[in-house]
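Model the structure of this input:
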Amino acid sequence: MKSNHLIILALTAAVLGVTTLEGVAANKEVVNVSASPHVKFRTIGLDEARWTGGFWGERWQQDCRVTIPTMKQVMELPTNSATFYNLRVAAGEIQGKFFGNNWSDGDCYKWIEAAASIYAVNHDPELDRQMDEVIAVIAKAQAPDGYISTQIQLQPDKKSRWTDIQNHEFYNMGHLMTAACIHHRVTGKDNFLKVARKVGDYLLKVFEPRPKELAHMDFNPSNIMGAAELYRTTGDKKYLRLAGVFVTMRGSQPGGSDLYQSKVPLRKETEAVGHAVTAAYLWCGAADVYAETGEPALFEALERLWQDVNAHKMYITGGTAALHHGEAERRGQTWKYDSVHEAFGAPYQLPNRTAYNETCANIANAMWNWRMLLLTGDAKYADVMERVFYNSMLSAISLDGDHYFYTNPLRRSGPEVPLLSQDAPERWPNTTPASPVHCFCCPPSLARTIAQLHTYAYGVSSDTVWIHLYGAGRLDTQLPGGDAIQLTQTTDYPWDGKISIRIEKAPEKVMALRLRIPGWVEQPVLKINGKVSSENLQPGSYSEIRRAWKAGDVVELQLPMPVVLMEANPLVEETRNQVAVMRGPLVYCLEDKDLPPGVAIENVRIERDAKWTAHHESNLLHGVTVLETQARALSQTKDANALYRRVPTAKADSILLRLIPYYAWCNRGASEMIVWLPIIWE
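Numbers count the residues shown, from 1 in each chain. Sure thing, here's the model as predicted:
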């Protein structure tokens, strides 16, 4: 463990941790660290693991060299929809008026979180300087009583504190608290932490009395995660109380809305409704509170909601938020329907062309599942987390690292392609002008998640190392008792299912490795020092290998990756008689760039017993494994655009069909794409 950088705790708002810290002092060793009492393992620090190459190593490097630097450049522009400009005006450094969205400040804080996460590994002095420079601006912009939200401070004639839920004050201050805690742990400095403590103290003063008139002020509740993180960083229990107050206030008074999950108190909630980002942020915060308190009612509610999302309301890519706009529909509802947006639909309502699947919602889904994994040690949560990372999160960023999708549909085809709110024919460029139809919240969410992803890969408990995600990398950490552990992971995952884990250092006593066996795998094989293990490997679980390890021991895990056809529940009307194609954790899609001339994407049919081949093409889309098979293409008819038409009687032509990973679509210009393909069953 690299104690000189204070990454003792893993980071909750980026969902990387649940450990309690007491006795924090700037630039001094952290002492008296213990795991949160209601978790199965503790997470690792940002400098205790790193990718050494491979799939995620390439993306971490791109995040470091391209995404974060270019993002900072555009966020200094006064016309970007998330901009440091407003903070500089509020600090008195420049003259100007507020510009942008109400949540602009929060997205700036997410950039600091991303930068700090990169700095933990590369110790770039220029990155350190940039963070200190903007933190000084933020400190000057903060009001004397601790309040900070420039959309209010710079528009006193238009806006007042805590008068409109859409002002996103909690969103902004919540992300500030989280980013400050991570910055402190990474650098040992307290310049940003002091700002965060003033924010926390201000919020405690205003909200601990639980004023009824402010019960519905928390639209996008990153404040719960931020308060919990502030508790873990300072050891001051008043911030844990604050997080609990925020959870309890939600839905505590009449007049709430299903859009914001404020109509029903969380402890009594049974269904996932409304805005998918605010929902997952709320559930993440509640999981953080449960990790410290162990209150059964909170966990029971979270498990009910997880079952609803995963059984009825999640896309095969791990995306959520089926609806751009609609109405909240509850089973057996007797009250008025609420208008919702970026929202969960009704059970099994999962349209493809109009799927919203906002990037922040998808990432928040992974954040929530990470916390549920921490609380339970159940691999089903890691399966969802992995599905998001490889599919509905990664699809949002271009292969060159500086263009972004806000929405992530599963189909983009047809003569009249609907482009609804926040949709775009291609990924947005890095610079996003502020307007009602542009929002820059997703890019910094992507940047911070990719910067921190290596910490999702591992966990440690009393005498056990947990391996949740596979990728070429190195772990150098300690067990809670202080024993050093080092291991190296060698793999070409997700293109190949062969994983080799070499023990570089281990304690001189019995220790366990817990290897996640993904739920998608069949007939996995485990070898220890070249010998096949008799261990019964159950998909969707962790396999524990307990023994006295020595340096040089090697564990090999083989996860076969055949091509698999997936079908949805028949109640998902949009996918009846269609299949999705998966290989390992990756969902595949058909893009029109890979079709023969004259073949329309909607006329392609695949056969149930098709023979698939998988081969890696290093020069295609930055290197991808493509899937190929013989398929059928219906002839184009003269009434192709008619609402209804006769079934073609001519025999379909045989074509060579090539599929690419879903995350890589739309990197060769605007295109048509489809995930769910019609199938010929006979």
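
now the residue most central in space within the chain, what's its secondary structure?
The centroid of the chain falls nearest to I363 when counting by CA atoms, centre = their mean (2.0 Å). Assigned by DSSP: H, G, I helix; E, B strand; the rest coil, the conformation of I363 is helix.

My understanding was that it contacts T449; is that so?
Yes: I363 is within contact range of T449, at 5.5 Å (criterion: CB atoms under 8 Å). Where C-beta positions appear, they are placed from N, C-alpha and C, glycine not excepted.

and whatever helix or strand Q130 lives in, what other elements does it pack with?
Using DSSP states H and E, Q130 sits within helix 125-141. Contact here means 3 or more CB pairs under 8 Å, 6 or more residues apart in numbering; DSSP states H and E; on that basis helix 125-141 packs against helix 85-90, helix 104-122, helix 169-187, helix 191-207.

With distance to R576 and mean pLDDT as added columns, please give those in CSV.
As requested, the helices and strands packed on helix 125-141 are exported to CSV (distance: least, CB to CB, whole Å; pLDDT from 0 to 100):
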stretch, distance to R576, mean pLDDT
helix 85-90, 49, 96
helix 104-122, 40, 97
helix 169-187, 39, 97
helix 191-207, 48, 97
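
so which of those helices gets nearest L453?
L453 sits nearest to helix 104-122 of all the helices and strands packed on helix 125-141, at 9.5 Å, using CB to CB.

closest to G519 out of the helices and strands packed on helix 125-141?
Using CB to CB, the helices and strands packed on helix 125-141 put helix 104-122 closest to G519, at 28.5 Å.

Just list what the closest one packs against, helices and strands only.
Short answer (3+ CB pairs under 8 Å, 6+ apart): helix 104-122 packs on helix 68-75, helix 85-90, helix 125-141, helix 150-153, helix 169-187, helix 442-456.

what do you get if the cut-off is 7 Å, keeping everything else the same?
When contacts are defined as 3 or more CB pairs under 7 Å, 6 or more residues apart in numbering; DSSP states H and E, helix 104-122 packs onto helix 68-75, helix 85-90, helix 125-141, helix 169-187, helix 442-456.

what comes up buried for that helix?
104-121 (16 or more other CB atoms under 10 Å).

Quick one: distance of the one helix or strand A311 maps to to the chain centre.
Here A311 sits within helix 296-312, counting by DSSP H and E. On the basis of CA atoms, centre = their mean, to the nearest Å, helix 296-312 sits 18 Å off its chain's mean C-alpha point.

If the nearest residue to Q630 once chain neighbours are set aside is in a bridge, with which residues?
Sequence neighbours aside, S654 is the residue nearest to Q630 in space, at 5.6 Å (criterion: CB to CB, 6 or more residues apart in numbering). Taking DSSP bridges as the rule, S654 bridges to R632.

mind checking how far G54 is from G471?
According to CB to CB, to the nearest Å, G54 and G471 sit 5 Å apart.

between the two, what contacts are shared?
T491 (CB atoms under 7 Å, 6 or more residues apart in numbering).

Comparing those two, which shows the higher neighbour count?
Taking neighbours as other CB atoms under 10 Å, G54 and G471 compare with G471 leading, 24 against 20.

picking up where we left off before, between I363 and T449, which contacts overlap?
M393.

worst-scoring helix or strand of the protein, pLDDT-wise?
Least confident helix or strand, the chain: strand 19-22 with a mean of 31, by mean pLDDT, DSSP states H and E.

Just give the nearest non-adjacent residue to L298, would you?
Y290 (4.3 Å).

dump the residue contacts of that neighbour.
H38, L298, F299, L375.

Model confidence for it, exactly?
Looking at Y290, its pLDDT reads 97.

For T477, find the nearest of the helices and strands packed on helix 125-141.
Closest approach to T477 among the helices and strands packed on helix 125-141 (CB to CB): helix 104-122, 13.6 Å.

Where does pLDDT dip in this structure?
1-35, 332-335, 415, 431-438 (pLDDT under 70).

and it, what are its domains?
3-43+58-330+337-456, 458-558, 563-680 (automatic domain parsing).

all strands of the stretch 401-550 of the chain, in order?
Remark: strands assigned in the stretch 401-550 of the chain by DSSP state E, counting those that start in this stretch are 403-404, 411-412, 428-429, 458-461, 464-467, 473-478, 484-491, 498-505, 510-517, 525-528, 531-532, 541-548.

Make JSON lines out of the ones you listed and add mean neighbour count and distance to R210.
Shown next, in JSON lines, are the strands of the stretch 401-550 of the chain (neighbours: other CB atoms under 10 Å; distance: least, CB to CB, whole Å):
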{"stretch": "strand 403-404", "mean neighbour count": "20", "distance to R210": "38"}
{"stretch": "strand 411-412", "mean neighbour count": "22", "distance to R210": "46"}
{"stretch": "strand 428-429", "mean neighbour count": "16", "distance to R210": "40"}
{"stretch": "strand 458-461", "mean neighbour count": "22", "distance to R210": "35"}
{"stretch": "strand 464-467", "mean neighbour count": "23", "distance to R210": "38"}
{"stretch": "strand 473-478", "mean neighbour count": "20", "distance to R210": "40"}
{"stretch": "strand 484-491", "mean neighbour count": "20", "distance to R210": "45"}
{"stretch": "strand 498-505", "mean neighbour count": "17", "distance to R210": "49"}
{"stretch": "strand 510-517", "mean neighbour count": "20", "distance to R210": "41"}
{"stretch": "strand 525-528", "mean neighbour count": "16", "distance to R210": "53"}
{"stretch": "strand 531-532", "mean neighbour count": "10", "distance to R210": "60"}
{"stretch": "strand 541-548", "mean neighbour count": "15", "distance to R210": "41"}
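
Let's have those strands in JSON lines, adding distance to A215.
Listed next are the strands of the stretch 401-550 of the chain as JSON lines, based on distance: least, CB to CB, whole Å:
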{"stretch": "strand 403-404", "distance to A215": "35"}
{"stretch": "strand 411-412", "distance to A215": "40"}
{"stretch": "strand 428-429", "distance to A215": "36"}
{"stretch": "strand 458-461", "distance to A215": "36"}
{"stretch": "strand 464-467", "distance to A215": "39"}
{"stretch": "strand 473-478", "distance to A215": "42"}
{"stretch": "strand 484-491", "distance to A215": "47"}
{"stretch": "strand 498-505", "distance to A215": "49"}
{"stretch": "strand 510-517", "distance to A215": "41"}
{"stretch": "strand 525-528", "distance to A215": "53"}
{"stretch": "strand 531-532", "distance to A215": "60"}
{"stretch": "strand 541-548", "distance to A215": "41"}
